[in-house]
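Structure of the sequence below:
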Amino acid sequence: MEREHTPLLGPIHLPSPTPGPTLENDHGSKERVHFLDNLRTILTVLLIFHHAAIESGPEPNPENPHPTTWDSVAVAMFQAVNKCFLWGLFFFVSGCSTHLSILSKRSDMEVLRSKVINLAIPAIFYSLFGRTLLLQIFNAFGWWKIFGHAVDSDAVARLAGPVSYIFALLLLDGCYFLLRAINTSERVSGPTSYVSAQLSHRNTFLVLFAFSFDVVLFLTFFNVTGIFGLPSPFNGATLYDYPGLLSPLTFILAYATGLHFDLLKEHVLIPSHKVAWAAFIASEVIIYMSLGAALEHYPALWDLWKPSFHLPDTTPTFGFVTLFFSVWSTFTFYALFVAIVSVFVNDPRMSSDWGVLTKHTYILTYVHMEPILVAVYILPEGMNTLAKAGLVGLFAVLDSWGLVYLLLQCRRLIKRISRT
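Residues are numbered from 1 along each chain as shown. Predicted coordinates for the structure are as follows:
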C-alpha cells in the first residue's frame, strides 16, 4: 500500500483493497478520502505562491515602509489573508489525519512511532544538516547570489522548510495522545469519546463553535493592544514567515476540529456545494474589500502583519486599527475555514481523484524555495510585483512537481530492477 506522511498531515491511509486514504461509507464498503488529498494539495500550492509573493515584493523603504503601488498592495493583501487561515487549515487536515491514523493502526504508540520516523527524524536531520549542506553546495557552484551564503541567517531561514510546523504538529499529537492515555475509556472507545458524546448535540456544538470565535476575537484584541500576549513558539521559530497574531490558538482549534471532523460536517459545514462556493466567493469579496478600504485610511494596519509591530502609540491603543484587525482576522479565519472545507467535502469535483501527484506533495514543502529564488533572480527587479509573484509561484509549482514526478519514476525503475 502506498503511504504518504506529509509535514502537516501525517498518514491518511486506512486498510483497504485499494491504496490510499479510505473511510467506510453508509453501505459498509471502503472509499477513498480524496478531499483530504485535494485540500492538502491546494494548500501546498497556495503556500508556494505565498512564499513567491514574499520574495517578489520590492525592497523595503525605511522612509515609506508600507506598500504604495497597486500591485505591491495586492500582493501584500494576499499575504495578509493567508496568514489568517492557511496554517490553520493545514492543522485541521493534520487533526483529520491523526484521527484516521488511530482508526487505522488501533495503537497510539504505533501512530506516534510512525510520526517520529516519518516526520520528526527527517525534520531534525534537515534542520541540523540538510539546509546548511544545500547552501554549501550552492556556494561551491558560485550560486551565492541566488541562495545566499551558508553563514547567512536569512538564507538559512529561507530554506527552513516545514520544520517548525512539524514540531508544532508533533507537540499537539503528543498532548492529544497523553490525554487519551490518561482517560482509559477514551483510549478504548475512540478519539475523545467523552467530549464527542457531549458535542454530538447540535446546539452544544454550535454554542461551543461560536464561543471559540469570541475567544479568538478577544485574545487577538488583547494580543494586539499588548494587554495580554498569548505565548507562541512561532515568534522565534519562524524567522522567515511569521504566521500571524492569531497563532497558536487557531492552530490548536483547527487541529481539535479535525479530530472531530464528523461533528463539524454534521453541524457546521454547508451541505450544498453550490451554496458553499457562493459563501467562499462572498467571503473573499468581503475580506479583500474591507481590508483594502481600511488600509487606505489607516496605513498603520500594515504593521500588524509583520513579525514585530509597533502601533503609533507606545500604550495600548483601543482605536479602530486594533478593533478592525481583531474582527477582520477572526472573521477571515472562520469564514474561509468553513467555506473551503465545505467546498472540498461536498463538491464532487473537489472530492474526486485528481491523480497520483496529489498524493505526493510531501517533498514540495521542502524543495519549493529553491525554484522560487531562482525565478526571482532571473526576472527583472522593476517588474510588476503581482505579475512577478504569479510567474515565480507558477514556476516553483511546476518545477517542484516535476521533481516529484522524476523521483516517482526513479522509484518505479528501482522496483522493476529489484524484481528482475
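
doesn't residue 408 make contact with residue 356?
Yes. At 7.2 Å, residue 356 and residue 408 qualify as touching, with contact defined as CB atoms under 8 Å. Every residue, glycine included, has its C-beta placed from N, CA and C.

where along the stretch 301-420 of the chain do the helices fall?
In the stretch 301-420 of the chain, the helices defined using DSSP state H, counting those that start in this stretch lie at 320-346, 364-367, 369-378, 385-419.

Format these as a markdown table; extra columns: distance to residue 133.
Formatted as a markdown table, the helices of the stretch 301-420 of the chain follow (distance: least, CB to CB, whole Å):
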| stretch | distance to residue 133 |
| --- | --- |
| helix 320-346 | 37 |
| helix 364-367 | 13 |
| helix 369-378 | 13 |
| helix 385-419 | 17 |
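
Residue 162 is nearest to which of the ones you listed?
helix 364-367 (4.4 Å; CB to CB).

From the chain's centroid, how far away is the closest one?
A distance of 13 Å separates the centroid of the chain from that of helix 364-367, by CA atoms, centre = their mean, to the nearest Å.

returning to what we had before: looking at the helices of the stretch 301-420 of the chain, which is closest to residue 129?
The closest of those to residue 129 is helix 364-367. By CB to CB, the value is 13.4 Å.

Mind giving me the packing neighbours of the closest one?
helix 34-56, helix 385-419 (3 or more CB pairs under 8 Å, 6 or more residues apart in numbering; DSSP states H and E).

C-alpha coordinates for the shortest one, CSV please?
Pointing back at helix 34-56 there. Presented in CSV, the C-alpha positions along helix 34-56 are these (Å, rounded to 0.1, in the frame of the first residue of the first chain):
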residue,chain,number,x,y,z
HIS,A,34,-10.0,12.2,-1.9
PHE,A,35,-11.0,15.5,-0.4
LEU,A,36,-8.1,15.3,2.1
ASP,A,37,-5.6,14.7,-0.7
ASN,A,38,-7.0,17.5,-2.8
LEU,A,39,-7.3,20.0,0.1
ARG,A,40,-3.7,19.4,1.1
THR,A,41,-2.6,19.8,-2.5
ILE,A,42,-4.3,23.2,-2.9
LEU,A,43,-3.0,24.4,0.5
THR,A,44,0.5,23.4,-0.6
VAL,A,45,0.2,25.2,-3.9
LEU,A,46,-1.2,28.3,-2.0
LEU,A,47,1.8,28.1,0.4
ILE,A,48,4.2,28.1,-2.6
PHE,A,49,2.5,31.2,-4.1
HIS,A,50,2.6,32.8,-0.6
HIS,A,51,6.3,32.4,-0.4
ALA,A,52,6.7,33.6,-4.0
ALA,A,53,4.8,36.7,-3.0
ILE,A,54,7.1,37.3,-0.1
GLU,A,55,10.2,37.0,-2.3
SER,A,56,8.8,39.0,-5.2
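
Flag the shaky bits of the chain, pLDDT-wise.
Low-confidence segments of the chain, defined by pLDDT under 70, span residues 1-32, 60-64, 105-106, 184-200, 226-240, 244, 306-318.

which residues in it form strands?
All strands of the chain, identified by DSSP state E, fall at 5-6, 10-11, 22-24, 30-32.

Now residue 341: closest residue in space, sequence neighbours ignored.
Distances taken as CB to CB, 6 or more residues apart in numbering place residue 269 nearest to residue 341, at 6.2 Å, with adjacent residues excluded.

Dihedrals phi and psi, that neighbour?
The phi/psi pair for residue 269 (degrees, to the nearest 10) reads phi -60, psi 150.

What residues does it make contact with?
276, 338, 341, 342, 345, 346 (CB atoms under 8 Å, 6 or more residues apart in numbering).

Quickly note the distance from the residue lying closest to residue 37 once chain neighbours are set aside to residue 299.
Nearest residue to residue 37, sequence neighbours excluded (CB to CB, 6+ apart): residue 358, at 4.7 Å. Here residue 358 is placed at a distance of 40 Å from residue 299 (CB to CB, to the nearest Å).

Which residue of the two possesses the greater neighbour count?
residue 358 (19 against 15; other CB atoms under 10 Å).

need the contact list for that one.
37, 38, 40, 41.

Which members of the residues you listed define the maximum pairwise distance?
Comparing all pairs in those by CB to CB, the longest separation belongs to 38 and 40, at 7.3 Å.

Counting neighbours, go ahead and name the busier of those two.
The neighbour count for residue 38 versus residue 40, taken as other CB under 10 Å, is higher for residue 40 (26 against 21).

The more buried one contacts residue 92, doesn't it?
No. With contact defined as CB under 8 Å, residue 40 does not reach residue 92; the gap is 10.4 Å.

nearest residue to the residue most central in space within the chain other than its sequence neighbours?
Centroid check for the chain by CA atoms, centre = their mean gives residue 87 as the closest residue, at 3.0 Å. Using CB to CB, 6+ apart and skipping the chain neighbours, the partner closest in space to residue 87 is residue 243 (4.8 Å).

burial count for that neighbour?
For residue 243, using other CB under 10 Å, the count is 25.

and what of residue 101?
Using other CB under 10 Å, residue 101 is surrounded by 26 other residues.

any idea how far it lies from residue 70?
Residue 101 is 46 Å from residue 70, where distance means CB to CB.

now residue 149
The gap separating residue 149 from residue 70 is 35 Å, by CB to CB.

who's more crowded, those two?
Neighbours per residue, other CB under 10 Å: of residue 149 and residue 70, the larger number sits with residue 149, 15 against 11.

and the gap between the more buried one and residue 138?
9 Å.

Could you do residue 415 as well?
Residue 415 is 31 Å from residue 138, by CB to CB.

More neighbours: which of these two?
For residue 415 versus residue 138, neighbours defined as other CB under 10 Å are more numerous around residue 138 (21 against 9).

The residue lying closest to that one once chain neighbours are set aside: what's it in contact with?
Closest residue to residue 138 apart from its sequence neighbours, by CB to CB, 6+ apart: residue 147 at 4.5 Å. Neighbouring residues of residue 147 by CB under 8 Å, 6+ apart: 134, 135, 138, 139, 155, 158, 159, 370, 373.
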